[in-house]
Structures are given as C-alpha cells and as structure tokens.
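Novice: here you go, sequence then predicted model.
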Amino acid sequence: MAYPSGTMNASWRSRIYLKALLAPGLVLLVLAVEAQTPAPIDREYTLESTMLGYRGVGGEIDGVRNPTLWARTGENVRINIVNGELMVHDVTLEKHNVRSAQILDKGATSNVTFKAKESDTYYCSVPGHRAAGMEGRLDVSDQQPVQSPGIVPSEDGRVLNLDFESGTLGGWTATGDAFALVKEDLQRTDQRIAGAYW
C-alpha cells in the first residue's frame, strides 16, 4: 500500500491489512494494524531549553550551555527537551532534517529521534531564538572525543561554573564587595560575552 509522502515516520511504519470475513448473508471487514517495533535507542540526551540556550541535563553534559553532543555513525539518537520557561521552543537538526514538536509550558517535554549520519547543528527553529543563542553541535564520528568542548572538569570531576549561566556563583568563593553576579539584557550589542550572566 502506498502512503502520501511524509505521512508516516519511518521508525513507526505500520502494515495495514484489510480482510473480509464471510458468513452467511454477512460480509464483515476487519482492519488489522501490525505495528513494527521501534529501533532501540543507542544514545539519549536531555536538554533544558530557554532563551539563554540549551542546558545539558545529566551525565557529562550536566549544566553545560549548548553542549556538544556526540554519537557514533549509524546510532539511533534521541534528544529530549524540557522547557525551562513559559515560551515556545523546539529542537531541530539542520542536516538530519528532523524537528521536535514545539512546547510552550514550563516543564513541558518533547523529543526527536533519528539515525546519526553526519555531524550537524541543533537549534530552536522559532524565529529569533537561534540568533539569541539556542544553537549547539552534534558530532558524529566513530571515535568518542576525549573531552566534550565546553566541559571543564575540576579536580574531583565536577563541571566548573565558568560561564555563570546557572545564574549563581556556585563553585566560586567571592571575598569583599567588588564581586557581584551581573545579568544583562539579551538585546545588548556587545557579543563578546556569551550568555546573560557575567
């Protein structure tokens, strides 16, 4: 049976059968759907989405702003997003041509699942969000990187709060009154500072 282009996701295709059961004086049509089992997920990431960018949740990307994600060629990858604010967000992969459903409510979730073919860029497709900083990389290679870019471990293995994008001075000891955390409007023209906090 042929389907119109784009109507069925490749990982969830179903076979549809139409059977006619004959009984004296009665024809009963039965529609049976045989769903294929989706492919297992080889690698999964969770990102919290805000206008400041995507923040890694869990594992070695925990707390990292717009972390570089990694997958081996041919792996089935799922990227989950959790909305960190009351604003529309999604996650889109440019070269893989996939996009999650858009989410609005704080705490709402969505995801996108795909087979990793080549290195790519992930971003929010809502107009203006990518330019505001909602963009990161997916590296697809057969060798795992020694260290993901943007992750700076401390001596005890924790990720250091070097860009202050958690909105706190966590991990820092400030003495005196010369140090205060500053938050700037995202509309600033000085693009030398990454994110909103410094």
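Specialist: Perfect, I can see it now. Residues are numbered from 1 along each chain as shown.
Novice: which one is R99 nearest to, not counting chain neighbours?
Specialist: T92 (4.2 Å; CB to CB, 6 or more residues apart in numbering). Where C-beta positions appear, they are placed from N, C-alpha and C, glycine not excepted.
Novice: residues contacting the spatially closest residue to N66 that is not a sequence neighbour?
Specialist: Excluding the flanking residues, the one nearest N66 by CB to CB, 6+ apart is G136, at 3.8 Å. By CB atoms under 8 Å, 6 or more residues apart in numbering, G136 lies in contact with G53, Y54, N66, P67, T68, L69, T121, Y122, Y123.
Novice: and G136, what's its pLDDT?
Specialist: For G136, the pLDDT comes out at 95.
Novice: what of D156?
Specialist: 60.
Novice: ranges for the strands of this structure?
Specialist: 14-23, 26-35, 43-50, 53-56, 69-71, 76-83, 92-93, 98-99, 109-115, 120-123, 135-140 (DSSP state E).
Novice: what lines up beside the fifth one in the sheet?
Specialist: It refers to strand 69-71. strand 135-140 (parallel) (DSSP bridges).
Novice: flag every buried residue along the partner strand.
Specialist: E135, G136, R137, L138, D139, V140 (16 or more other CB atoms under 10 Å).
Novice: so the third one bridges to which residues?
Specialist: To tie it back to what came earlier, the one meant is R137. T121.
Novice: correct me if wrong: it contacts L69.
Specialist: Yes - using CB atoms under 8 Å, R137 is in contact with L69, at 7.1 Å.
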